[in-house]
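Colleague: what follows is a predicted protein model with its sequence.
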Amino acid sequence: MIKELREQAKKLLEDKTVEIIIGWGKGSLPTTATPIFITDPKDADQLIFDNTCRNNLTVYLTKDRKQLKKDYNKIGIVTKGCDARSVVLYTIENQIKREQAHIIGVPCNGVFEKKKIQAITEDKEVIDIKVDGDEVTLIGRSFEKKVPLKEILSDSCIYCRYPDAKEYDTFIGEPRAEVDVPDEFKVVTDFEEKSSEERWKYIEEEYSKCIRCYACRNVCPSCYCNECFVDQNDPQWIGKTPEVTDSVIFHLIRNLHVAGRCVDCGSCVTACPVDLDLRIMNKKVEQSVKDRFDYTAGLDINEKPAMVSFCENEKQDFIM
């Protein structure tokens, strides 16, 4: 697959179909690939795709859009299923023109969650990883540990319905259809089974860890506002100190801002330096939008987002 990816990328650059390709290259750590930007066809051999390709690369299409639009008219971008949904979202929301992005879809079997690997290895340094089907060997200087692949995948990948891009211009291999995930919202169901006191206690304890570094916002493909509400002084939406109430308000408002727009790529979870459980609220909002409006973000480039459209048959049970 990597050979085909490199050949396709080289051809796209040589034919001037694209002027730059955003993809993944080998990182300095064995568990994490790094974003790379290729303009020379000879550099296409640097491209990789495997379980270490964590980043949602589409953030560069919005957060670096001024520079990219100035320098390049046609951008190739390597995408997993969730990443391609972000490109669709950008197109619907008029952040990019569809013809500006050449989507190169790759078959995704999930990406590693570094925090899970650290927990399994007790923070010992991993110097190499070998994947053999559904089994992974973690190799360190003084240990070698075999674990099931599923145990170290991101939760977003374990419960992913759309591992391959539904929207693409070039696909490496054959794209798969929607995957059946019977317990997609298990994290929400488990949380809702707790009493209201238990839920609030969990939220208080969890979000008291938040240091308001905004890493979750910075890596989120759906957070591309020129000025975030947390940076505004007039009006000032939340306090500047790391009080738990302000942290909860920040995450609640951010959840509402990405309602019907989150593609569950898991970037926020990976980026969080204090290991907040951000998926509970993310998936709760996603579930509500799905139940009320029968809408899933980034699947149909011709469908308006749930928050900007109205149908007469929508559920109205929330109106008192």
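Modeller: It's in. Numbers count the residues shown, from 1 in each chain.

Colleague: any stretches of the chain with poor pLDDT?
Modeller: Scanning the chain for pLDDT under 70 picks out 312, 314-320.

Colleague: just give me the longest strand of this protein.
Modeller: strand 20-29 (DSSP state E).

Colleague: helix or strand next in line after it, which one?
Modeller: Moving toward the C-terminus from strand 20-29, the next helix or strand (DSSP states H and E) is strand 32-38.

Colleague: re earlier: may I see the buried residues of the longest strand of the chain?
Modeller: 20, 21, 22, 23, 24, 25, 27 (16 or more other CB atoms under 10 Å). Any C-beta I mention is one placed from the backbone N, CA and C, and that applies to glycine too.

Colleague: got the domain boundaries for this structure?
Modeller: As recorded under automatic domain parsing, the domains making up the chain are 2-113+153-308, 114-152.

Colleague: okay, those, which one's buried deepest?
Modeller: Most buried of the domains of the chain, by mean neighbour count (mean count of other CB atoms under 10 Å): domain 2-113+153-308, with a mean of 18.

Colleague: can you give me how far it is from the chain middle?
Modeller: In terms of CA atoms, centre = their mean, to the nearest Å, the centre of domain 2-113+153-308 is set 3 Å apart from its chain centre.

Colleague: likewise for stretch 106-121?
Modeller: Taking CA atoms, centre = their mean, one finds stretch 106-121 lying 14 Å from the centre of the chain it belongs to.

Colleague: need phi/psi at residue 147.
Modeller: Residue 147 adopts backbone torsions of phi -140, psi 150, taken as degrees, to the nearest 10.

Colleague: which ones are touching the most centrally placed residue in the chain?
Modeller: Ranked by distance to the mean C-alpha position of the chain (CA atoms, centre = their mean), the top residue is residue 265 at 2.3 Å. Contacts for residue 265 were tallied using CB atoms under 8 Å, 6 or more residues apart in numbering; they are 56, 80, 82, 83, 86, 156, 221.

Colleague: let me know the closest of these to residue 103.
Modeller: Within those, proximity to residue 103 (CB to CB) peaks at residue 83, which comes in at 8.6 Å.

Colleague: helix or strand: which one has that closest one?
Modeller: Counting by DSSP H and E, residue 83 is part of helix 81-92.

Colleague: can you check residue 137 too?
Modeller: Secondary-structure assignment from DSSP H and E places residue 137 in strand 135-140.

Colleague: now residue 104
Modeller: Residue-wise, residue 104 maps onto strand 101-105 under DSSP H and E.

Colleague: only alpha carbons, please: show that strand as CSV.
Modeller: Taking Å, rounded to 0.1, in the frame of the first residue of the first chain, the C-alpha atoms of strand 101-105 are listed here in CSV:
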residue,chain,number,x,y,z
ALA,A,101,-8.3,19.9,-2.4
HIS,A,102,-7.3,16.6,-4.0
ILE,A,103,-8.3,14.0,-1.4
ILE,A,104,-6.0,10.9,-1.3
GLY,A,105,-7.9,8.3,0.7
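
Colleague: for that strand, packing partners?
Modeller: Using 3 or more CB pairs under 8 Å, 6 or more residues apart in numbering; DSSP states H and E, the elements in contact with strand 101-105 are helix 2-14, strand 75-79, helix 81-92, strand 170-171.

Colleague: can you add distance to residue 277 and give these back as a markdown table?
Modeller: Formatted as a markdown table, the helices and strands packed on strand 101-105 follow (distance: least, CB to CB, whole Å):
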| stretch | distance to residue 277 |
| --- | --- |
| helix 2-14 | 34 |
| strand 75-79 | 26 |
| helix 81-92 | 19 |
| strand 170-171 | 34 |
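
Colleague: all good on my end, thank you.
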